[in-house]
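# sequence first, predicted coordinates after that:
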Amino acid sequence: QLRLVESGGGLVQPGGSLRLSCEAAGFTLDDYAIGWFRQAPGKERVAVSCISASDGSTYYSDSVKGRFTISRDNAENTVYLQMNSLKPEDTSVYYCAASIFGNDYTCRDPDFGSWGQGTQVTIST
């Protein structure tokens with residue numbers, strides 16, 4: 001059974017940083033594309049960033065480009081999302097998800113079949 005566990009969320013002030021982690025349990029991440037998605041109250045879940053299984057390609061939404069960095073450490077079976085220059089509008093529940101499509105995926109919800117439980121990120125003074 002595929003299981004993903006997010007951690008690293010919390011409350012930070014605007015301009016601050018957080019690093020989210022997505023650790024896989026019960027499977028290895030090597031063959032999966034991994035995505036980070038977020039959902040704010042009353043809004044749809046949207047893609048934030050994705051990283052392919054092995055060709056190194058990444059995707060960032062326009063709203064986070066230049067501030068967030070996605071990376072993967074297959075030896076640790078973990079994907080990270082480094083979030084800098086955080087803004088109040090980044091406040092959401094952040095989810096990581098795995099796609100079996102490896103390198104041939106679209107960074108959109110339907111391509112991702114396994115999801116974590118989410119971690120809350122709150123940006124506020």
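Arrived safely.

# secondary structure element for the most centrally placed residue in the chain?
Among the residues of the chain, the one closest to the centroid is Trp36, at 2.2 Å (C-alpha atoms, centre = their mean). Taking DSSP states H and E as the criterion, Trp36 maps to strand 33-39.

# mind listing residues that contact that strand?
Applying C-beta atoms under 8 Å, 6 or more residues apart in numbering, the contact partners of strand 33-39 are 20, 22, 45-53, 70, 72, 79, 81, 90, 92-99, 101-103, 105, 107, 109, 111-112, 118, 121. The way it works is simple: take the backbone N, C-alpha and C, and place the C-beta from them, glycine included.

# let's see 7 Å
Contacts to strand 33-39, defined as C-beta atoms under 7 Å, 6 or more residues apart in numbering, come from residues 20, 22, 45-53, 70, 72, 79, 81, 92-99, 101-102, 105, 107, 109, 112.

# can you give me the strands for this structure?
Ranges of strands in the chain, per DSSP state E, are 3-7, 10-12, 18-25, 33-39, 46-51, 58-60, 68-73, 78-83, 92-99, 114-115, 119-123.

# and the ones you listed as a markdown table, adding mean pLDDT?
Converted to a markdown table, these look like this (pLDDT from 0 to 100):
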| stretch | mean pLDDT |
| --- | --- |
| strand 3-7 | 96 |
| strand 10-12 | 98 |
| strand 18-25 | 96 |
| strand 33-39 | 98 |
| strand 46-51 | 98 |
| strand 58-60 | 98 |
| strand 68-73 | 97 |
| strand 78-83 | 98 |
| strand 92-99 | 97 |
| strand 114-115 | 95 |
| strand 119-123 | 98 |
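
# list the buried residues of stretch 16-31.
Leu18, Leu20, Ser21, Cys22, Glu23, Ala24, Leu29 (16 or more other C-beta atoms under 10 Å).

# can you tell me, leaving aside adjacent residues, what's nearest to Leu29?
Of all residues not flanking Leu29 in the chain, Asn77 sits nearest, at 5.4 Å (C-beta to C-beta, 6 or more residues apart in numbering).
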